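> Build me a model:
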Amino acid sequence: MNDLWVYFKHLFKDYIYIYDQVDTDAAAQRIKKNIWFRGPNVWILAFSIIIASVGLNVNSTAVIIGAMLISPLMGPIIGVGLSLGTNDTDLLKAAVKNLLVMVLISLAASTLFFILSPLSLVNPTELEARTSPTIYDVLIALFGGLAGILENSRKEQGTAIAGVAIATALMPPLCTAGYGLAHWDMHFFVGALYLFIINSVFIALATYLMVKYLRFKTAAGIDEATAKRRRKMISIVLAIVVIPSIYSAVVLIVDNNYERNVQNLVENNRLVGRSYIYSYKVQGRKTTFDIAGEPLTDSLRTDFFARAKSYHVSQKSITLKEHNLGMTQQEMNRLVADIYERTDAQLAEEDAQITALGARIEALEALAAHLDSLLHPADTLLTEPLPALEELPEELEK
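Numbering: from 1, shown residues only. Below you'll find the predicted structure:
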């Protein structure tokens, strides 16, 4: 048993051992070169800002992904993590300075774009998707950053960097913040900027951890007091960034559960007496039900609230909006009867379709079996004649 444990231990170690496949010196040089905001990086940043802003403005996911791949923003962020991991103060100052310049230019350019853009979508889903970061965004940034620094450290470069750029989006949140500034909408500005900060902080943290793990060469030694102060500062920054995201995740989960409960309630309780729930609208943890049919009595309301409670939808969160539309009692009765008739007709039509499909399948199976017997006469004896075409369903005959 001991030998088996040792065998699997060595086997597992062989699979995860990475020190012989990384070049930390070459990785450090690559990272340092990518932090500088001059030359091609200036132009590339400008192009990615325009591409991301246009993609967000027209709700185009493909265009936004293109901007993520082009953006050079990740260079100085990884540089911050490297400088912290190697105690390189000069590199830290240079990385932070270049990152701030990139962020300010991105915000200014995207703000100007959205001020000048004549297009304003009624439902800008791509913009709204970057205004409510949660703990899940923290996890994406952390593990994306780990993959990014590990890919940078490999002797043989792969394609993981492109995936990291897409997963840990940096340019789209900045451009969304620019949209918020252009329209004086603090919900967009604060939410998107917070998402960018989450991604930046945890990419830098992931880089710092992997630099320590891979034993990059340190630039200079620091005393214990300075190291302790630095660790304390990192912990404070992480707490400030993470706590709001945890709260956002809890709110998201609770709201999602509430909406699912309302959906189940409506699907299983469309009829309320001789009235019908034809639509509903969820806002936060409040729901308005639109009901057509006979006026609800107190007993019907009480019964509906009791059913809602069984689906974990409280009475306080419910607003029942009855729509009479000037109908007479006879017209309302006809409406309810029509709903029943349409439901029965739909079920009958679905049953007929299922029966027809079953007949087709049986006919095709019989035909396939006969063709198989013709193709393999030595293995299968033909015991029954081929069914006449007129015996097959009309659709198959055609």
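> Helix, strand or coil: sort out I277 for me.
Following DSSP: H, G, I helix; E, B strand; the rest coil, I277 is assigned to strand.
> That one against I291, yeah?
Yes: I277 is within contact range of I291, at 5.5 Å (criterion: C-beta atoms under 8 Å). C-beta coordinates here come from the backbone N, C-alpha and C atoms, glycine included.
> give the contact list for S153.
Under the criterion of C-beta atoms under 8 Å, 6 or more residues apart in numbering, the neighbours of S153 are 22-24, 27, 210, 214.
> And for T111, the neighbour number?
Neighbours of T111 under the rule other C-beta atoms under 10 Å: 20.
> Look at I277 and I291 and report which has more neighbours.
With neighbours defined as other C-beta under 10 Å, I277 and I291 compare such that I291 has more, 24 against 19.
> Can you report how many residues lie near L371?
11.
> quick one: the helices in the stretch 1-150 of the chain?
With DSSP state H, counting those that start in this stretch as the criterion, the stretch 1-150 of the chain has helices at 2-16, 24-33, 40-57, 61-70, 74-86, 89-116, 125-128, 135-153.
> for the stretch 201-350 of the chain, same thing?
With DSSP H, counting those that start in this stretch as the criterion, the stretch 201-350 of the chain has helices at 224-268, 298-310, 329-375.
> quick one: the second one to helix 224-268, angle?
Calculated by axes from the mean of the first three to the mean of the last three C-alpha atoms, to 10 degrees, helix 298-310 forms an angle of 140 degrees with helix 224-268.
> what helices or strands is helix 298-310 leaning on?
Other helices and strands packing on helix 298-310, by 3 or more C-beta pairs under 8 Å, 6 or more residues apart in numbering; DSSP states H and E, are strand 271-272, strand 318-323.
> Minimum distance to V103: which of the ones you listed has it?
Among those, strand 318-323 comes nearest to V103, with 43.7 Å by C-beta to C-beta.
> What residues of that closest one count as buried?
318, 320 (16 or more other C-beta atoms under 10 Å).
> Within its sheet, name the partner strands of it and how each one runs.
Note on strand 318-323: by DSSP bridges, its sheet partners are strand 286-293 (parallel).
> Off-centre distance for the partner strand?
Relative to its chain's centre, strand 286-293 lies at 30 Å (C-alpha atoms, centre = their mean, to the nearest Å).
> list the buried ones in it?
Residues 287, 289, 291-293 are the ones in strand 286-293 that count as buried (16+ other C-beta under 10 Å).
> Phi and psi next, for the residue most central in space within the chain.
Closest residue to the average C-alpha location of the chain: A129 at 8.4 Å, with C-alpha atoms, centre = their mean. Dihedral angles of A129 (phi, psi; degrees, to the nearest 10) stand at phi -70, psi -10.
> Nearest residue to L107 in space, ignoring adjacent ones along the chain?
Counting by C-beta to C-beta, 6 or more residues apart in numbering, G178 is the residue found nearest to L107 once chain neighbours are left out, at 5.3 Å.
> who touches that neighbour in this structure?
G178 makes contacts with 53, 106-114, as judged by C-beta under 8 Å, 6+ apart.
> Repeat that for P244.
Residues in contact with P244, defined by C-beta under 8 Å, 6+ apart, are Y194.
> now the stretch 1-150 of the chain, which segments are flagged as low pLDDT?
Low-confidence segments of the stretch 1-150 of the chain (pLDDT under 70): 1-3, 6-9, 11-12, 14, 122.
> list the contacts for the residue lying closest to I203 once chain neighbours are set aside?
Using C-beta to C-beta, 6+ apart and skipping residues adjacent in sequence, the residue nearest I203 is G145, 3.7 Å away. Counting by C-beta under 8 Å, 6+ apart, G145 makes contact with 78, 81, 164, 168, 202-207, 210.
> Redo these as TSV? Include neighbour count and distance to E156.
Shown next, in TSV, are these (neighbours: other C-beta atoms under 10 Å; distance: C-beta to C-beta, whole Å):
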residue	neighbour count	distance to E156
I78	28	19
G81	27	22
V164	26	17
T168	26	23
F202	27	26
I203	26	23
A204	27	25
L205	22	26
A206	25	21
T207	28	20
M210	24	17
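> could I get those as CSV with distance to V250?
Formatted as CSV, the contacts of G145 follow (distance: C-beta to C-beta, whole Å):
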residue, distance to V250
I78, 31
G81, 28
V164, 27
T168, 23
F202, 19
I203, 24
A204, 26
L205, 22
A206, 24
T207, 28
M210, 30
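> ok, those vs I234, which is closest?
After measuring the contacts of G145 against I234 - C-beta to C-beta - the closest member comes out as L205, at 7.4 Å.
> do you know how far the residue nearest to L107 is from F305?
Per C-beta to C-beta, to the nearest Å, G178 is found 46 Å from F305.
> sorry, back to before: take the contacts of G178 and, keeping just the buried ones, write it as a PyMOL select command.
Per 16+ other C-beta under 10 Å, the buried members of these correspond to this PyMOL selection:
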select buried, resi 53+106+107+109+110+111+113+114
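> which stretch among the helices of the stretch 1-150 of the chain comes nearest L265?
That would be helix 125-128 among the helices of the stretch 1-150 of the chain, by C-beta to C-beta, at 26.1 Å.
> Counting neighbours, which bits of the closest one end up buried?
For helix 125-128, the neighbour count (16+ other C-beta under 10 Å) marks 126-127 as buried.
> With stretch 229-242 instead?
For stretch 229-242, by 16+ other C-beta under 10 Å, it's V241.
> hmm, who's touching it?
Outside of stretch 229-242, the residues within contact range by C-beta under 8 Å, 6+ apart are 84, 135, 138, 197-198, 201-202, 205, 208, 222.
> Report the two of the residues you listed separated the most.
Longest span within the contacts of stretch 229-242, C-beta to C-beta: I135 and I222, 31.8 Å.
> close enough to count as contact, L127 and Y179?
Yes: look at L127 against Y179 with C-beta under 8 Å: they come within range, at 5.7 Å.
> Between those two, which contacts overlap?
The contact sets of L127 and Y179 overlap at 56, 188, 192 (C-beta under 8 Å, 6+ apart).
> Can you get me a residue count around the first one?
This means L56. For L56, the neighbour count with other C-beta under 10 Å is 31.
> Tell me who's in contact with it.
Applying C-beta under 8 Å, 6+ apart, the residues near L56 are 64, 124, 126-127, 172, 175-176, 179.
> Appreciated, that's everything.
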